[in-house]
Structure formats: C-alpha cells, structure tokens
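A.B. asks: After the sequence you'll find the predicted model.
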Amino acid sequence: MQHSGTADLPLHGGTVPKWLADRMTLLGTAISESVVRQYGTSGLLSRLADPFWFQALGSVMGMDWHSSGITTSVLGALKRGLNPRSHELGIYVCGGRGRHSRRTPDELRGYADRTGLDGESLVRASRLAARVDNNAIQDGFQIYLHGFVLTATGEWAIVQQGLNDATGFARRYHWHSATVKSFTIEPHTGVVGENQGQIMNLVAAPAAPAQRAILEVARNGPDAALNEVRKLMMPSHHDVRAADVDLNRLGAVLAVAHEREFHDFTSLLLLEKLGPRTLQSLALVAEVIHGTPTRFSDPARFSFAHGGKDGHPFPVPLKIYDETIQFLRSSLEGAKIGETAKVDGLRRLDRFVRAVEETKSPRADFENTVVRERAISESLGGMTVGRSGRNNNRRGIRQLSLF
C-alpha cells in the first residue's frame, strides 16, 4: 500500500459560511469533472492522494491556505457535488468527519450493491487504513475524519485526519490503492511531520522484534519497512507571506493576466473577452487541472485565485469566483456536445503560463500584488467570514442556477 504523504496543519475553528460552501461545491465539482474527463478517474484519485495537490485545491476554492479546515471542507464539497452524479462520472465520496466517518461502511456497501463491487473488501480496506494510521503509528494524532473516494472500477483513495490536542495541530494522511500489496508489509512510503519526540511505529524496520513478539501472541501483526517520503508541514502563521509562494510561478500568472502583450493572446486562446482578473483565477485553476505534481510545492500560491475566507491574502472576490465557475461549467457542457474550444483553451493557457515562466522569468512583486487585490476587493464583491454574504449570495445563486 502506498501512503502518498502527510500534511501537518494548524487547527482552525469556525465554520464555512453558506455563500462560500455553495461555491466550493460548484467549483470543486467542476475541477474534478474536468480532471476525470481528461485524465480519467484514476487521474483524479492520484491527485487526491497527493497532499500538495489537495492543499492547492482547497486554496483555489477559497479556504484558508494552510488550515486543517481545508480537509473537511474540500471533502464535504466534493461529496455534495460528485455523489449526485456518481452514475455519470464514476466517482463516489464516502465518510467525512465524526459521525459521518462512522457511516463509511454502510455507504461503501450501498455503492457496491449498485455497481457490483465487493463491498466487504472495501469496508476492510477502510478499516485497515484507519487502524494503521491510528494504532500502528502512535504519533500523538487521533483520527477523527475519514474520507473514502471510490471509483466504479473499485479503485480508491483515502484521506483521513488526526488531531493532537497538546500541539494544536492536525495531521492529514493520504492513501491510494493503485500500488496496494499489503496493509502490513510496507504500508507507507512514509509518515513524516513535525518532530514531536519519540513515537511508536510498529511498521518501522527497527520494530521487527516487537512485531515478532506480537505475532507470537496474536498470530497476526505487521512486519514492514519504512521508506522516506516527502511531507507537507504547514506553518503556524495565518497570513500568506512571500516566503510561502514561488514568486516566479506567481509572476508568470500575473504577467499573462495583466500585461497587455499576454492578455490579448490569452483572450484569443479562451475565445472570450475575459477580464484580466478572471484570467488570473482561470490560469491557477487550469494549473490545478493540468499541472504535474512538482507544480504544487507552494499551495499558498493558489490562494491568489480566490483569496481566503478569513481575508488572507485578500477577501474572496465573489464576482470573479462566479465567473470562474461559469466558465468551467460552460466549457464542460460544451465538451459534451463536441465543442472543445474552452476545454482545450484551459490546457493551452496552462502551457502558455509555463512558457512565460520559463522564457520571461517574471518575479511577482508580492507586497504590491496583495495591496492591489485588497484595493479592488470591494469592486469584486470581496467577502470574508466576518462580513454577511446575504446580498452577494442571493445574486450569485441566481446567476449560477442558469446552468
């Protein structure tokens, strides 16, 4: 079993307001559908199993770029948006936080009954993954969230999160069934996070004597070896800082969106006269859909698409958010009837941004970019959790219901 990686995240309280949750469902579903239609369901699972991509997805959807709340909110948005279309897309999302996690076995069995999959085998995989992360590796994090994303072919990804009350951090664990061999022989490519002292790891190579003792008593135990893997350790500071962002990559996005020589060309690529601010968001969304794993080492950069609900690096621009969703939905609907210009345009936009990055080597002026975004925030319907979204939400939902 490949354990794709872990992410350590500072705990954040509060809830996601409805004006953002509704949009997260629409945008997350559109991004997922775009990935499925162009890279297949396996392509979506491999991305969900990547902690960096998952964090970038949450950031581009308007969540706080580094908080533990990304996990619950993203999985919830995908569950609301994808499950009603599971028969069409071949993707089904089970589980969630707390009581929702305990419903995972019943949800898996129900979906298996409809698709002909082996429900009990899926339930076993769900329980084993939770027990490995919760029991075999006692790192101080108690699992409280368990998400199981399943395809119609039986492939799955697991995203679960544990809480450490003493440190105020949560740890997210990612799994992908594509390389499964055994849950008890090399179950992880690594469990790496902030060093918090000694932990008990019964799947590490030095634990072999303990494993043998357990085998003698229980006749069943792990005997795995631990390999190195990358980790994502999010900083405790809430604000987005220049050090958190690859300024060359962000600079390429800003150049394509705002510099005249690039904006004219990209407008032609997308076959619409989109404003530069919407183009900036679409360039980052296009990278989430088409980017290779190495592109997501700085997930904070993707918060420059739609800001963050707490105002970091700037308030969520509802006008731009809705235009992004509209473009993605219309491109997907057009692709269904053979009109692929917009879908192809997003792929070409992603390639064009990379070409600008490689040839022009622009570097974003971080401070001035944040100042500019905050200066235009009100004109773009900028919202944060502290401000009521009633009027903006009513306008946006009417607009989005057209498709």
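C.D. replies: Yep, it's here. Numbers count the residues shown, from 1 in each chain.

A.B. asks: Which residues are in contact with the spatially closest residue to residue 68 that is not a sequence neighbour?
C.D. replies: If the residues on either side of it in the chain are set aside, residue 68 comes closest to residue 170, at 3.7 Å by Cβ to Cβ, 6 or more residues apart in numbering. (Glycine included, C-beta is placed from N, CA and C.) Contacts of residue 170 were listed using Cβ atoms under 8 Å, 6 or more residues apart in numbering, and they are 8, 9, 10, 11, 68, 71, 141, 161, 162, 163, 164.

A.B. asks: In the longest helix along the chain, which residues are buried?
C.D. replies: Scanning the chain for the helix with the most residues, using DSSP state H, yields helix 18-48. Under the neighbour-count criterion of 16 or more other Cβ atoms under 10 Å, helix 18-48 has 19-37, 41-42, 44-48 buried.

A.B. asks: returning to that earlier point: tell me the SS of the residue nearest to residue 68?
C.D. replies: Assigned with DSSP: H, G, I helix; E, B strand; the rest coil, residue 170 falls in the strand class.

A.B. asks: So what's the gap between stretch 324-336 and the chain middle?
C.D. replies: A distance of 20 Å separates the centroid of the chain from that of stretch 324-336, by Cα atoms, centre = their mean, to the nearest Å.

A.B. asks: Equivalent analysis for stretch 148-163, please.
C.D. replies: Centre-to-centre, stretch 148-163 and its host chain are 13 Å apart (Cα atoms, centre = their mean).

A.B. asks: Can you give me the separation between the residue nearest to residue 68 and residue 95?
C.D. replies: The spacing between residue 170 and residue 95, counted by Cβ to Cβ, to the nearest Å, is 16 Å.

A.B. asks: circling back: for ChimeraX, write the selection for the buried entries among the contacts of residue 170.
C.D. replies: Buried residues among the contacts of residue 170 (16+ other Cβ under 10 Å), as a ChimeraX selection:
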select :8,9,10,68,71,141,161,162,163,164
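
A.B. asks: Might you specify the subset of the contacts of residue 170 located within strands?
C.D. replies: Judged by DSSP state E, strands contain the following of those: 8, 9, 10, 161, 162, 163, 164.

A.B. asks: want to throw the residues you listed into JSON lines with distance to residue 148 and pLDDT?
C.D. replies: Below are the ones in strands among the contacts of residue 170 laid out as JSON lines (distance: Cβ to Cβ, whole Å; pLDDT from 0 to 100):
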{"residue": "8", "distance to residue 148": "22", "pLDDT": "78"}
{"residue": "9", "distance to residue 148": "20", "pLDDT": "76"}
{"residue": "10", "distance to residue 148": "25", "pLDDT": "74"}
{"residue": "161", "distance to residue 148": "13", "pLDDT": "89"}
{"residue": "162", "distance to residue 148": "16", "pLDDT": "87"}
{"residue": "163", "distance to residue 148": "19", "pLDDT": "87"}
{"residue": "164", "distance to residue 148": "23", "pLDDT": "86"}
